[in-house]
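Asks: Give the three-dimensional model of this entry:
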Amino acid sequence: MTTEHGYPAVRMYIAGQWCRGGTGRTAPIVNPATEQVIGEVPLATTADLDRALAAAAEGFRTWRGTPPARRTAILHAAADLLTERAADIGRTMTLEQGKPLAEATGEARRVADTLRWHIEDARRAYGRIIPSAPGTVLSVRREPIGPVAAFVPWNFPAGGPMRKISSALSAGCSIVIKASEETPATAAALVACFVDAGLPAGALNLVFGEPAEVSAHLIASPVTRLIAFTGSVPVGKLLAAEAGKVMKPSLMELGGHAPVIVCADADPAAAARRAARAKFANAGQVCTSPSRFLVHESLVEDFTAEFVKAAEAVVVGDGLAEGTTMGPLANERRLQAMLRLTADAVSRGAVVRTGGGRPDRPGYFFAPTVLTGVPADADLMREEPFGPLAPISAFSDLGAALRTANELPYGLAAYGFTESAATAERLAAELEAGILSLNHCGGSVHEAPSGGVKESGYGREGGPEALDAYLVTKRVSHLLAG
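Replies: All right, here's what the predicted structure looks like:
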């Protein structure tokens, strides 16, 4: 069933049933390219959340007890359905989030591979037997932690939920996930793939609602055993504090303000092209997006000229329109943030080299923007922009650039460009970030861990480390009879 805009009707999924919610409360869903309401999302009541929790408790017992070979078959079937439905999921994502259709469809395809990685990695979550005293068997077992409460934002409507869902289900846990109310249909389409693949009722539950109400209820419940969150630093701190009150472990993938250091021996044009491509992907609404460009003074003009050229080549428009390479911002809040950050930087002496405003058309569009001469006290240099703003500054000493890169409380991603092996090793050793890319601006991959340090969070998603939070390490000492 779809609306007149070709957008799917959105439902929650609780205890094996698609449902509207107890009171029929809803919130509007807006297409950010047109500012038109294209649907509505149901909002859960406390009773709905309690049903989801009860279902997750029962679903955990069922799913944990399902033989691993059967679990694997169901999850692989879901991955196959994700691949088959990627084009439809991508179109839905573009309607509700705005990113270009090619980006959205690519994201939908990648989540199938994310699931496949976690399925196979879970098959290798081995325990071990430890040599011990005669008559004693000492072993270590890896067991699913239990029902998971997960919370994800709107910037990657498929990728965000799948990192939580795939880890939890592959480890043998059940999950209640609250996806974003701004991009709900993509999350529902992912869940439908698991349902159609034969996942037992209760193993996966999808809810929407008032974020503070939902998070408080799910975290406090004795049913949930792990809190997994992706989002902003302030909200992450609140959720981690709530989890701490009830001594629950949490996985926190929070925001950043990623520095890019372009060293004196780098190719400025190549560095600028690669950095700009990453900067304007998803309209800059990526927690690992390069967002502070520190360029050696001998290269800064060449780097800036090439970066401006790349920015001006970006085709801004409706994500469904052919040729669009950058869609709108996801909501009015992000648009106003771009206007505020740009105005603040200019008021402090920064120069807009290209962009700097919104086009005269409906939608939450903002031009790819490059600024130079942005002072260190500008809001843009200290606050994660989460949008298509690129402040470029010059440096003369690499040590000073490293200090500037590390001075903020964030530590999610960082980038460096150099042709020197020794300099590359110095960047790797001294940049304070959980993710470092050298001579490119690569994103997260399912086969390697991603996560932050300092206020950018803790725990890792991706790679063999992804399952750590979802598994309990149990020591068993067995004294044999006789």
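Asks: Pull out the buried residues from the longest helix anywhere in the chain.
Replies: For the chain, the longest helix by residue count, based on DSSP state H, is helix 101-122. For helix 101-122, burial by neighbour count (16 or more other C-beta atoms under 10 Å) applies to 101, 103-105, 107-119, 121-122. (Glycine included, C-beta is placed from N, CA and C.)
Asks: Quick check: next helix or strand after it?
Replies: For helix 101-122, the following helix or strand on the C-terminal side (DSSP states H and E) is strand 128-130.
Asks: What strands line up against that following strand, and which way round?
Replies: strand 136-144 (antiparallel) (DSSP bridges).
Asks: Let's see the partner strand as PDB, backbone CA atoms only.
Replies: Provided in PDB are the C-alpha atoms of strand 136-144 (Å, rounded to 0.1, in the frame of the first residue of the first chain):
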ATOM      1  CA  THR A 136      38.500 -30.100  36.000                       C
ATOM      2  CA  VAL A 137      37.300 -28.700  32.600                       C
ATOM      3  CA  LEU A 138      37.800 -24.900  32.400                       C
ATOM      4  CA  SER A 139      36.100 -23.300  29.400                       C
ATOM      5  CA  VAL A 140      35.100 -19.900  28.100                       C
ATOM      6  CA  ARG A 141      31.800 -19.600  26.200                       C
ATOM      7  CA  ARG A 142      30.400 -16.800  24.100                       C
ATOM      8  CA  GLU A 143      26.700 -16.300  24.500                       C
ATOM      9  CA  PRO A 144      24.200 -13.700  23.200                       C
END
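Asks: Given the very next helix or strand once past that strand, what are its sheet partners and their directions?
Replies: Tracing the chain past strand 136-144, the next element assigned as helix or strand by DSSP H and E is strand 148-151. Applying DSSP bridges to the sheet, strand 148-151 is found paired with strand 175-178 (parallel), strand 226-230 (parallel).
Asks: how many other residues sit next to R124?
Replies: Per other C-beta atoms under 10 Å, the neighbour tally for R124 reads 8.
Asks: Revised request: answer the last question for F280.
Replies: 22.
Asks: now do D344
Replies: 16.
Asks: these two touch, right, it and M381?
Replies: No - using C-beta atoms under 8 Å, D344 is not in contact with M381, being 10.0 Å away.
Asks: Find residues that contact each of the two.
Replies: Counting by C-beta atoms under 8 Å, 6 or more residues apart in numbering, no residue touches both D344 and M381.
Asks: that older thread, how about the CA coordinates for the longest helix of the chain, as CSV?
Replies: Written as CSV, here are the backbone C-alpha positions of helix 101-122 (Å, rounded to 0.1, in the frame of the first residue of the first chain):
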residue,chain,number,x,y,z
LEU,A,101,18.8,7.8,-6.0
ALA,A,102,22.1,6.2,-6.9
GLU,A,103,23.5,6.9,-3.4
ALA,A,104,20.3,5.5,-1.8
THR,A,105,20.2,2.4,-4.0
GLY,A,106,23.9,1.8,-3.3
GLU,A,107,23.2,2.0,0.4
ALA,A,108,20.4,-0.5,0.2
ARG,A,109,22.6,-2.9,-1.7
ARG,A,110,25.5,-2.5,0.8
VAL,A,111,23.3,-3.4,3.8
ALA,A,112,22.8,-6.9,2.4
ASP,A,113,26.6,-7.4,2.4
THR,A,114,26.7,-6.0,6.0
LEU,A,115,24.2,-8.7,7.0
ARG,A,116,26.1,-11.4,5.2
TRP,A,117,29.4,-10.4,6.9
HIS,A,118,27.9,-10.6,10.4
ILE,A,119,26.1,-13.9,9.7
GLU,A,120,29.4,-15.6,8.8
ASP,A,121,31.4,-13.8,11.5
ALA,A,122,29.0,-15.1,14.1
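Asks: chain center to that helix: distance?
Replies: 13 Å (C-alpha atoms, centre = their mean, to the nearest Å).
Asks: Could you tell me the angle between that helix and strand 136-144?
Replies: 160 degrees (axes from the mean of the first three to the mean of the last three C-alpha atoms, to 10 degrees).
Asks: Quickly note the distance from P409 to S180.
Replies: 25 Å (C-beta to C-beta, to the nearest Å).
Asks: Between these two, tell me which one has more neighbours.
Replies: When P409 and S180 are compared for neighbours, S180 comes out ahead with 24 against 11, by other C-beta under 10 Å.
Asks: Quick one: residues contacting that one.
Replies: The neighbours of S180, taking C-beta under 8 Å, 6+ apart as the test, are V152, P153, W154, P157, G160, A187.
Asks: hmm, 7 Å instead?
Replies: Taking C-beta atoms under 7 Å, 6 or more residues apart in numbering as the criterion, S180 is in contact with V152, P153, W154, P157.
Asks: ok, now how distant is it from V152?
Replies: 7 Å.
Asks: what do you get for G172?
Replies: On the measure of C-beta to C-beta, G172 and V152 end up 21 Å apart.
Asks: How about L254?
Replies: L254 is 13 Å from V152, by C-beta to C-beta.
Asks: Same check on V316?
Replies: 26 Å.
Asks: which of those two has more neighbours?
Replies: Higher neighbour count among V316 and V152: V152, with 25 against 22, using other C-beta under 10 Å.
Asks: residues near the residue nearest to that one when sequence neighbours are not counted, how many?
Replies: Nearest residue to V152, sequence neighbours excluded (C-beta to C-beta, 6 or more residues apart in numbering): G160, at 3.8 Å. Neighbourhood size, G160 [other C-beta under 10 Å]: 27.
Asks: again with P68
Replies: Neighbour tally, P68, other C-beta under 10 Å: 11.
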